[in-house]
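Asks: Build me a model:
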Amino acid sequence: MEFIQAFALFLSFVMCLFLLSFAYMEGIRISNSEGKVQADSLLFSATMGLVFAFFTASLY
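Replies: Prediction:
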């Protein structure tokens, strides 16, 4: 059971880092564009990054 919990902790930590860094890069891309922008991927990745951060904190 410890292996499954350690794997879940590692996976949620990696997903948290990936999604928050993707949201950061998406925010930079959006800030450089002119006109209407679609921020769906920014909102989704930032929200899911925070959800995975909560999972990481609860598993630690």
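Asks: pretty sure residue 22 is touching residue 45, no?
Replies: Yes: using Cβ atoms under 8 Å, residue 22 makes contact with residue 45 at a distance of 4.8 Å. (Glycine included, C-beta is placed from N, CA and C.)
Asks: Tell me which of the two has more neighbours.
Replies: Remark: of residue 22 and residue 45, residue 45 carries more neighbours, 20 against 17, as counted by other Cβ atoms under 10 Å.
Asks: Nearest spatial neighbour of that one, chain-adjacent residues omitted?
Replies: Distance criterion Cβ to Cβ, 6 or more residues apart in numbering; nearest residue to residue 45, sequence neighbours excluded, is residue 23 at 4.2 Å.
Asks: chain center to the host helix or strand of residue 58: distance?
Replies: Residue 58 belongs to helix 40-59 when assigned by DSSP states H and E. Distance, stretch centre to chain centre, for helix 40-59: 5 Å (Cα atoms, centre = their mean, to the nearest Å).
Asks: hmm, back to that, next one: the residue nearest to residue 45 relative to residue 47, how far apart?
Replies: Applying Cβ to Cβ, to the nearest Å, the value for residue 23 to residue 47 is 9 Å.
Asks: How about residue 6?
Replies: Taking Cβ to Cβ, one finds residue 6 at 26 Å from residue 47.
Asks: ok, now residue 53?
Replies: 11 Å.
Asks: Check residue 34 too.
Replies: Taken as Cβ to Cβ, the span from residue 34 to residue 47 is 26 Å.
Asks: Just list what the longest helix along the chain packs against, helices and strands only.
Replies: For the chain, the helix with the greatest residue count under DSSP state H is helix 2-32. For helix 2-32, the packing partners by 3 or more Cβ pairs under 8 Å, 6 or more residues apart in numbering; DSSP states H and E come out as helix 40-59.
Asks: Right, I'll call it a day here.
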